[in-house]
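**Student:** Sequence isn't available, so here's the structure alone:
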DNA sequence: CCTACCGATCGGTAGG
DNA sequence: CCTACCGATCGGTAGG
């Protein structure tokens, strides 16, 4: 098969051409901006981070981020969207790895453990930014993120409802979900990996606290 | 007894003269500034609130807040200090009202209920500002607030330890405290008094979730 | 992507 | 407390 024939073997790619080297480069630079923004937004907050800070952290000059993003707020939205998309994928993966026969308590434990990874593990700036910089989004952006967040949290409800029915969760599942996410999300404020607790410890303690079974 | 004799009957007030009308006025205006700042800091965040906003909300012109406070950051510190001082007093009062014979579960319930009042009740802007604008303090200010916060949270430990010993709290008390404050503090993000839950409902659900006893 | 720039806003101050 | 102001910084843009 000659190289010249290759294009013909991909008839379905109309309107979505294979990325050229420049396009790949551009999307890489864009991703660098998003990662730098996530780190700075988490460390200093959205308002206290200037677009010049972000440009500098990505090795660019002050005006260049606006070649990739329309506004500072669009950058914030990209951080949150990328973060939620990745978190949703890895959460689904964690549930699949558990298998369909796992009990409700094991499922909740896996969801908690995975959530700590997303909040406190390596490359974990995206979701804390989403949690703590919500206010700086426009209403339209907020809707988009809320939909992704709702989907992420909805995956917890079957386990919570089952535990409630079994008497192991002693609060209304919908309220329990809000309290539990509060408890977990707050760890972003105090947890340090240089402290005595591993993420496994944290997950074990949390599961014990909420479900009252050792 | 003549009016002239009155000063002699108060020999202990050296260096702390009774407040004049102007001094009372000044301290009132100062308190108005702090309350306006608390409201705006909570609604828009510290960085997104200008000193002009605060001045306007207190009925002053742009430069006037700096007659009462050295800097914007000093205003933030005042919000947090006033809030913590008040919260500490009312928490101690809530515990006293409960009496010394109350069980650990009742004590935890009262602490939770009181904390919701502080977070979500009327005039409840001060503590949420402390929780969510921590980052904008100078390190020295942070130490001062941390001390007040530690004292407030330390009052929870006897109840948590007792419940842990009795088997009703299935996490290490120190870790449980962090998770519990996370769950409670997060309500500032989602609770609405126009929703179906009262603060009493909230406290009941939380106590059930953490201690696993109806 | 860089360079050079603009208009707006901000915290804070002097002088009364 | 007000008036009038300053220097600094910021998000964003034009033009290449």
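**Tutor:** Nice, thanks for sending it over. None of the values given here were measured: they were computed from a predicted structure. Numbers count the residues shown, from 1 in each chain, chains lettered A, B, ... in the order given.

**Student:** Go through stretch A:133-150 and flag the buried ones.
**Tutor:** Buried residues in stretch A:133-150, defined by neighbour count with 16 or more other Cβ atoms under 10 Å in any protein chain shown: A:133, A:134, A:136, A:137, A:141, A:142, A:145, A:148, A:149. Where you see a C-beta, it was placed from the backbone N, CA and C, and this is true even at glycine.

**Student:** Report the contact partners of the closest residue to DNA strand D within chain A.
**Tutor:** The minimum distance from chain A to DNA strand D, using Cβ to the nearest atom of the strand, falls at residue A:63 (2.8 Å). Residues near residue A:63 by Cβ atoms under 8 Å, 6 or more residues apart in numbering or on different chains: residue A:55.

**Student:** The longest helix anywhere in chain A packs against which elements?
**Tutor:** Secondary structure of chain A per DSSP state H: the longest helix is helix A:72-98. Under the contact definition 3 or more Cβ pairs under 8 Å, 6 or more residues apart in numbering or on different chains; DSSP states H and E, helix A:72-98 sits against helix A:21-44, helix A:51-57, helix A:104-120, helix A:126-132, helix A:139-154.

**Student:** What lies in contact with the last one?
**Tutor:** Counting contacts by Cβ under 8 Å, 6+ apart, the residues outside helix A:139-154 that touch it are A:73, A:76-77, A:80-81, A:84-85, A:87-88, A:91, A:130, A:134, A:137, A:177, A:181.

**Student:** switch the cut-off to 6 Å
**Tutor:** Helix A:139-154 is touched from outside by A:77, A:80, A:84, A:88, with contacts defined as Cβ atoms under 6 Å, 6 or more residues apart in numbering or on different chains.

**Student:** tell me the mean pLDDT for it?
**Tutor:** Taken as a whole, helix A:139-154 has an average pLDDT of 98.

**Student:** ok now that helix, how far from the chain's centre?
**Tutor:** Offset of helix A:139-154 from its chain centre (Cα atoms, centre = their mean, to the nearest Å): 12 Å.

**Student:** per-residue pLDDT, residue A:113?
**Tutor:** In this model, residue A:113 is scored at 98, pLDDT.

**Student:** distance of it from residue B:179?
**Tutor:** 15 Å (Cβ to Cβ, to the nearest Å).

**Student:** do the same with residue A:33
**Tutor:** Relative to residue B:179, residue A:33 is positioned 35 Å away (Cβ to Cβ).

**Student:** what residue ranges in chain A score low on pLDDT?
**Tutor:** Across chain A, the ranges flagged by pLDDT under 70 are A:1-18, A:213-214.

**Student:** and it, which residues reach DNA strand C?
**Tutor:** For chain A, the residues in contact with DNA strand C (Cβ under 7 Å from any atom of the strand) are A:25, A:26, A:29, A:55, A:59, A:60, A:61, A:62, A:63, A:64, A:67.

**Student:** From the structure, what's the count of residues near the first one?
**Tutor:** Neighbours of residue A:25 under the rule other Cβ atoms under 10 Å in any protein chain shown: 11.

**Student:** try the second one
**Tutor:** Residues lying near residue A:26 (other Cβ under 10 Å) number 14.

**Student:** Leaving aside the residues adjacent along the chain, what's closest to it?
**Tutor:** In this structure, residue A:26 finds its nearest non-sequential neighbour in residue A:68, 7.7 Å apart by Cβ to Cβ, 6 or more residues apart in numbering or on different chains.

**Student:** show me what contacts the closest residue to residue A:125 other than its chain neighbours?
**Tutor:** Spatial nearest neighbour of residue A:125, chain neighbours left out: residue A:38 (3.9 Å); criterion: Cβ to Cβ, 6+ apart. Going by Cβ under 6 Å, 6+ apart, residue A:38 touches A:79, A:125, A:126, A:129.

**Student:** hmm, back to that, helix, strand or coil for the residue of chain A closest to DNA strand D?
**Tutor:** coil (DSSP: H, G, I helix; E, B strand; the rest coil).

**Student:** ok, it to residue B:198 distance?
**Tutor:** Distance, residue A:63 to residue B:198, using Cβ to Cβ: 52 Å.

**Student:** wait, which of the residues of chain A next to DNA strand C is closest to residue B:96?
**Tutor:** Among those, residue A:55 lies closest to residue B:96 (Cβ to Cβ), at 56.3 Å.

**Student:** Spit out the contact partners of the closest one.
**Tutor:** With contacts defined as Cβ under 6 Å, 6+ apart, residue A:55 is in contact with A:62, A:64, A:65.

**Student:** Could you provide those in TSV, with additional columns for neighbour count and distance to residue A:169?
**Tutor:** Listed next are these as TSV, based on neighbours: other Cβ atoms under 10 Å in any protein chain shown; distance: Cβ to Cβ, whole Å:
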residue	neighbour count	distance to residue A:169
A:62	13	52
A:64	15	50
A:65	23	46
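
**Student:** For these, give me CSV that also has distance to chain B.
**Tutor:** Formatted as CSV, those follow (distance: Cβ to the nearest Cβ, whole Å):
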residue, distance to chain B
A:62, 20
A:64, 24
A:65, 19
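
**Student:** on that earlier part again, burial measure for the residue nearest to residue A:26, as a count.
**Tutor:** 19.
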